[in-house]
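> Next input, structure requested:
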Amino acid sequence: MHHHPNRRRWIQGTATALGAAAVAPQLFAQNSSGGPVKIGYAIARTGPWAAGAQVSQEPNYLLWAEQVNAAGGLSVKGAKRPIELIGYDDRSETETCVRTFEKLMGSDKVDLVLPPWGSGANFAVAPLANRFGYPLLAPTALSRKLIDMRLPFFFSLLQQPDKMMGALVDMLVANSVKTISIVYMDDLFGLENFAALNNALKKTSIQVLERKSYPLGVKDLAPVLRAMKDLNPDAFIGITYPPDTILASRQAREVGFNPKYFYASVGTAFQLYKNVMAANTEGVIGMGSWNSKTSPEAKAYFDAHTKKFGKEPDRWASGHAWAGLQILQQAVEKVGLDRKALREQIAKNEFKTILGPIRFEGSENASIPGTVSQWQGGEFEVVWPKDRATAQLMPKPAWK
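Below is the predicted model:
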């Protein structure tokens, strides 16, 4: 990846912003009603998770706090109080992530927490947040297992594997796909999505010509893709993380593997994908759920994000991250910082968000169905289901 200097600068910028946030509270009266609202989190700024976390999550936390503070602060039952973000790098280590959240909730007793990045970290932190009684609104946990744990303080904003894979298979069936090949990563995310995909395929006559797993941090998929090219499937499905999404796309182009439908999951919705693949983004499909056409509020958020960071939010989890912050903000406005009351408020009401109305059934976002998006002319268009679509699915043109 040749983006390191930029990423380093962005991480320094984050550290400076957080340093400033830590100093600012002295300017505010330190009484309990008007002091800052301390909001803590651990998230990846370094290590393999950072690629996702620094696109879909932490930038949104910074932008949200900045916007809320510029408007006078977080309205806590009508009294406006400044937000003080207390963020740490979890270095893409589950243990560091858990330890940091334990300190934030247990000894620092922050007012609220924001979630870490990814299914694995949320899987580890959710039971802890539940024990300490902190609502956790997760925008990047894609795990039915986690939903099925029924933790009352955990809320998942992202559509789950069964919904996402169900939507993909429905779309393939509707477009007369007969044969597919699959690669998937060997971790919680990959295995759950792979299982959900196989489940959805059982109800169809689609033939799976090849299923191949690969380890996290894979460096070469060319042999696998070459073998798949020889089988000539109608569609390729990659259950991949951002680095592998780019690797699979680049190498598919190199070996001349160009099925009619080419799907890769995480990172396809990122501006990084567009930057790296250039004209070859055209027609690639993946996990996405919104874009700036989704609602006027979504466009306002998209523009503000692009202006602040000089890069676009991703067209999938960033929207859910922002929606989660909106839900938290609306709940605090209504019931204040009593976390039990907050949990009840979030569990029992419907909230207005940039993605439309959202309500939860148990831990699950019950309002947003599984979706599929596709790059068309520089925009990651929602192409399925039809009632949420911003464009129609088209077959992929040949790699350039």
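> for residue 263, what are its contacts?
168, 235-238, 284-286, 372 (Cβ atoms under 8 Å, 6 or more residues apart in numbering). In short, each C-beta sits where N, CA and C put it, glycine included.
> what residues are up against the residue most central in space within the chain?
For the chain, residue 317 is the residue whose C-alpha lies nearest the centre (Cα atoms, centre = their mean; 2.8 Å). The contact partners of residue 317, taken as Cβ under 8 Å, 6+ apart, are 52, 56-57, 139-140, 158, 269.
> Which ones among the residues you listed lie within strands?
Assigned to strands by DSSP state E, none of the contacts of residue 317 qualify.
> Narrow the residues you listed to those that are buried.
Burial by neighbour count, 16 or more other Cβ atoms under 10 Å: within the contacts of residue 317 this picks out 52, 56-57, 139-140, 158, 269.
> quick check, nearest of those residues to residue 123?
residue 140 (11.5 Å; Cβ to Cβ).
> one step back: in helices, which of the contacts of residue 317 fall?
Counting by DSSP state H, the part of the contacts of residue 317 found in helices is 52, 56.
> May I ask which two of the contacts of residue 317 are separated the most?
For the contacts of residue 317, the maximum inter-member distance is 13.5 Å, found between 57 and 269 (Cβ to Cβ).
> Kindly indicate which of the contacts of residue 317 lies nearest residue 34.
residue 57 (28.8 Å).
> what residues are up against residue 389?
Residue 389 neighbours (Cβ under 8 Å, 6+ apart): 381-383.
> Please repeat the previous calculation with a cut-off of 7 Å.
The neighbours of residue 389, taking Cβ atoms under 7 Å, 6 or more residues apart in numbering as the test, are 382-383.
> got it, and residue 292?
Contacts for residue 292 (Cβ under 7 Å, 6+ apart) come out as 298-299, 302.
> and what of residue 302?
Counting by Cβ under 7 Å, 6+ apart, residue 302 makes contact with 292, 312-313.
> Give me the phi and psi angles of it.
Backbone torsions of residue 302, given as degrees, to the nearest 10, read phi -60, psi -50.
> mind checking how far it is from residue 354?
9 Å (Cβ to Cβ, to the nearest Å).
> which stretches of the protein aren't confidently modelled?
1-33 (pLDDT under 70).
> mind listing the helices for it?
For the chain, applying DSSP H gives helices covering 4-23, 50-56, 58-70, 94-106, 119-132, 144-148, 161-174, 188-202, 222-231, 242-255, 271-277, 296-309, 317-335, 339-348.
> Only alpha carbons, please: show the second one as PDB.
Output for helix 50-56, consisting of C-alpha atoms alone and laid out as PDB, is shown next (Å, rounded to 0.1, in the frame of the first residue of the first chain):
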ATOM      1  CA  ALA A  50      -6.800   0.500  11.100                       C
ATOM      2  CA  ALA A  51      -7.700   0.500   7.400                       C
ATOM      3  CA  GLY A  52     -11.400   0.000   8.300                       C
ATOM      4  CA  ALA A  53     -11.500   1.800  11.600                       C
ATOM      5  CA  GLN A  54     -10.000   5.000  10.200                       C
ATOM      6  CA  VAL A  55     -12.500   5.100   7.400                       C
ATOM      7  CA  SER A  56     -15.700   3.900   8.900                       C
END
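> Could you list every helix and strand in contact with it?
Contacts defined by 3 or more Cβ pairs under 7 Å, 6 or more residues apart in numbering; DSSP states H and E place helix 50-56 against helix 242-255, helix 317-335.
> most packed of those helices?
Of the helices and strands packed on helix 50-56, the one with the most neighbours on average (mean count of other Cβ atoms under 10 Å) is helix 317-335, at a mean of 24.
> gap between it and the chain center?
14 Å (Cα atoms, centre = their mean, to the nearest Å).
> same question, stretch 221-232
Centre to centre, stretch against its chain (Cα atoms, centre = their mean), the figure for stretch 221-232 is 29 Å.
> Quick check: buried residues in it?
221, 224-225, 228-229.
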